[in-house]
Every structure is written in C-alpha cells, then in structure tokens.
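# quick one, what's the 3D model for this:
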Amino acid sequence: MTQSKYDKNSVASIFEFALKLTGKSLSEAVQLPEGVANVRNRGDLGSLIEKYYFEHTPPNNHDPDFKEAGLELKTTGVVQKSMRYRAKERLVLTMINYQTITDEHWEQSALLKKCRLMLILFYLYSKEVAVIDRRFVLKPLLYAIPESDVSQIRRDWEAIRQRVRNGEAHKLSEGDTYYLGACRKGAGGEKESLRSQPFSNQGAKARAFSFKQGYLNKLLDGQNEDYAVLGINKEITFEEATQKKFEPYVGKTLEEISVKLNYFKKSKNHKGFHKEIANRILAQNGRNVIELEKAGIEIKTIRLTKSGRPRESMSFPGFNYMEIINENWEDSSFFEKLERRFLFVIFQSDISGGERLLKAVYWNMPFEDRIESKRVWEETKSRVSTDARNLPKSSESRVAHVRPKARDGQDKQLTPQGDMQVKKSFWLNSSYIAKVISGF
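Sure thing, here's the model as predicted:
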C-alpha cells in the first residue's frame, strides 16, 4: 500500500511524496477515519501526518523517523506577516537527556544522530482552524546543517552540555546560546515533575534542543534578502566578531561616530538614534545582520550618566489586564523575553555633556534573577485580579517592576474590576541594570 506511494529507504522518494501535500491540508490529502475527522482541534499534526499520510510508525527510540533513509520528519506552523511567511515559534528537535549528554561528543551526539537530515513541512497556523484542516502553504524543505552554521550550532550544543556537566541543568535558558536553544518542553506550572541531573541534587525542568524562531525565519527567507554578515566562522565566535565591529568606535563621541558613518540626527529629539547608530556600526548601510537575525538577538541601547548610572529603566512587553490573570508564567511574553540573549550597546555622558560609546556586550539574565522576575510577574497577576491600580513598584524588587507604557493618558485597557486603566508593562529597574553593567 504505502510502498507503492513512496520508498521509505529513499530520501528523494520521501521528499517527492511530501511535495504532494503542498497546498493541501491533511483532511484534503487523505480519507481520515471518522474518529480523527470528528475531533476537530486536538492532536499533534506531525504525528497525524506521519500516521495517516505517510502511513508510517516511527521507531520508539532516538533514531530518525525514517531510520532507513536517515531522515527526521518535522512539521511546524507559519503565520503570514507583511506578505511573507514567518515561523510561529521555534522548531523543537529532540529532548535533552541530562543523564547521557555529559558523556557525548558532538560528532556522535544523540542530536546529530536524530536530526542530521530533516524534512520540514510548513503549515499555515490558525487557532480557529482544526489541525487536520491547516493547509501546507509552502513546499517542504530538506535541511542539513549548512557549513556556515555548523561551528556556531556546535558551540551552542557544547555550551548546553557544559551547563549540565556543571550541575546547572535547572539553570538552562534559551538565552545561553545563539542558534540552537534549550527550550522548555514540559507540562509547565508548579506541579510539573522535575528531572534528575547527574551532577546536582537539584531537579531540572524538561528542556529540548530547538532551532530558535529567528533561525527558522532565515530558512523560510532563503537567500532572497540582502543581509549584512557579522563574520562568524570556525575560528571567530559571536562575541569576537561583534567586538571587531565595535572596536573602532569605542571611546568616540556620538558626533564623531556620526561623521564616520555619515549618519546624523534628523532633529534634536530624534527618537531611536542611538539604536540606529548601533545598527550602522554592525552594518554601515543599516542592513539587517543575518547572524543576529538567526539568533533572535535584540539590541538594547543603554545611556549612562557621567557617574555611570542608567538614565532610565529598561522596558519590556506590555500585558493585557484581562489576559494575564489566566496566563502561566512560561506562556507569558515577559518570560519569553527574559529567555533571550541581548546585545547591550552602552553610551556614557562625558564631562563636556556629550556621549561616548563605552562598550557593546552580550547578556542574558542569570537564573536567580529570572526567579525574582517570575515572582514579580506572579505578584502582578495576583494583584491585577483584585486591584489593577496597585502593581509592584521598583522598591518592591531588586530586579523588576511594573509601570505605565502607553501612547498617552488615554491609551487604556479594561481591568477585571470593570474600570479602564492606562496600559502598563514590565521594566527592569535602573539600579538592576547598573549592577549588571558594573559586572562587564
């Protein structure tokens, strides 16, 4: 039956069969059993595709789905933005086994064994559309790690392995790495059972290797866009390549940098100018840098006074009063942001009143500070449900607080108490940012 449709031993045959799904949903491609067809919004689409389209049962071990062909099958959602498709989320690859990874080497790793070659199917995600009716809007992609990315993905894998070797599996964060992440992959919440790790008695939440959302977006883009290059390779790391870009400008005034880049303020109150300067240091014509895009790096410019104190706190995403009361911490936008890696570009005022570029450094929030941020988030959630006017202040936490972030005083949202309050967001305290910077 299936053998007449494609050859499970042949990558080319499996790929050609997958091509026939393009433009169709699972329900359109095959006649589904009544029980599956009637359960409208449940089930893992990847498993359903494997079972009902490919008529294949993958091995119940760490081998690729199509073991004989050495091919792993992945199904992932995309959304349409600005006339092009963007990844809905990261691409989960395989679970991290804390007990075995410490003795692995990259070339023989469980990750490479399973995901050395992948067939990725892209469907259009919509919450309102049943999984079996979600259409595969792009041609499938046959993916093997490109030579340009091997060095960085290997470094990322080794960084994750080292965390586990250090007895710090419970401290893992997606912000520890660049392309290959250690994403959360458990039930979530306080009742989630923890996994044991070999060099610590501290239980760790389940995590999986994944390609970051930005990395997946670059796979979707292909080579269609004109990107600048940071210059990472086998010998040069992310940090080294970035420092090489900024080094000629460190210590120079903003005016001197503007002249050198031939890019100037449009007005005295030109908002975002410092970030635009940082972007042009990385790529003189202001193009996007492909490595930063792949890694999902967010640039944050920090302006210090002469004494070295940040001029302001650092803003993070806003929240909806009516939605946060039903959210879990690990599903929140604040959690998602704090799992990221940032590039801090720091300017400091000098005695003449001008500003000079002090340094540029990568940073992600340490485990202990993420725990404190979680506490602030949970306290916010609790208070919103009873009194959305009284939310955590900077004096209540060494790390974060809540305050307004709105267009103006009329930019408001409905609260659970039935009144309208100005929109608010989470902020990292300026005192906390000062402490972070002092450690660089």
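# where does Lys8 land in three-state SS?
The assignment at Lys8 comes out as coil when based on DSSP: H, G, I helix; E, B strand; the rest coil.
# list the contacts for it?
2, 14, 56, 66, 68-69 (Cβ atoms under 8 Å, 6 or more residues apart in numbering). In short, each C-beta sits where N, CA and C put it, glycine included.
# what's the closest of those to His401?
Phe66 (51.2 Å; Cβ to Cβ).
# quick one on the thing from earlier: check the contacts of Lys8 for burial and list the buried ones.
If you count burial by 16 or more other Cβ atoms under 10 Å, the buried members of the contacts of Lys8 come out as 14, 56, 66, 69.
# now the residue lying closest to Ser385 once chain neighbours are set aside: how far from Pro416?
Closest residue to Ser385 apart from its sequence neighbours, by Cβ to Cβ, 6 or more residues apart in numbering: Ile325 at 4.8 Å. Ile325 sits 6 Å away from Pro416, going by Cβ to Cβ, to the nearest Å.
# what's the answer for Glu256, then?
Applying Cβ to Cβ, the value for Glu256 to Pro416 is 52 Å.
# quick one, helices of the stretch 101-250 of the chain?
Ranges of helices in the stretch 101-250 of the chain, per DSSP state H, counting those that start in this stretch, are 110-115, 147-165, 213-221, 238-246.
# now the element after the worst-scoring helix or strand of the chain on mean pLDDT, going C-ward?
Each helix and strand of the chain was given a mean pLDDT (mean pLDDT, DSSP states H and E); the minimum falls on helix 34-38 at a mean of 75. Tracing the chain past helix 34-38, the next element assigned as helix or strand by DSSP states H and E is helix 45-48.
# which neighbouring elements make contact with the following helix or strand past that following helix?
Per DSSP H and E, the first helix or strand lying C-terminal to helix 45-48 is strand 72-81. Judged by 3 or more Cβ pairs under 8 Å, 6 or more residues apart in numbering; DSSP states H and E, strand 72-81 is in contact with helix 45-48, strand 84-87, strand 91-95, strand 117-124.
# to Arg280, which of the ones you listed lies closest?
strand 84-87 (24.7 Å).
# rounded mean pLDDT for the closest one, please.
Taken as a whole, strand 84-87 has an average pLDDT of 94.
# now for that strand, which elements pack on it?
Strand 84-87 packs on strand 72-81, helix 213-221, going by 3+ Cβ pairs under 8 Å, 6+ apart.
# and if we set it to 6 Å?
If contacts are counted by 3 or more Cβ pairs under 6 Å, 6 or more residues apart in numbering; DSSP states H and E, strand 84-87 sits against helix 213-221.
# so Arg407 belongs to a helix, correct?
No. Counting by three-state DSSP, Arg407 is not part of a helix but coil.
# what distance do you get for it to Leu414?
17 Å.
# try Glu339
Distance from Glu339 to Leu414, by Cβ to Cβ: 29 Å.
# cool, Gly77 as well?
30 Å.
# the two: who's more crowded?
Gly77 (17 against 13; other Cβ atoms under 10 Å).
# who's in contact with that one?
Contact analysis of Gly77 by Cβ atoms under 6 Å, 6 or more residues apart in numbering lists 88, 123, 125.
# now do Tyr227
Per Cβ under 6 Å, 6+ apart, neighbours of Tyr227: 288, 290.
# now with 10 Å, please.
By Cβ atoms under 10 Å, 6 or more residues apart in numbering, the contact set of Tyr227 is 218, 221, 283, 287-294.
# can you select the buried ones among those for me in PyMOL?
Buried subset of the contacts of Tyr227, written as a PyMOL selection, criterion 16+ other Cβ under 10 Å:
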select buried, resi 218+283+289+290+291+292+293+294
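# any chance of the contacts of Tyr227 in TSV, with secondary structure, distance to Ser200 and pLDDT too?
Formatted as TSV, these follow (DSSP: H, G, I helix; E, B strand; the rest coil; distance: Cβ to Cβ, whole Å; pLDDT from 0 to 100):
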residue	secondary structure	distance to Ser200	pLDDT
Lys218	helix	35	93
Asp221	helix	40	87
Ala283	coil	42	92
Arg287	coil	44	86
Asn288	coil	40	89
Val289	strand	37	93
Ile290	helix	37	93
Glu291	helix	33	95
Leu292	helix	33	96
Glu293	helix	35	94
Lys294	helix	31	95
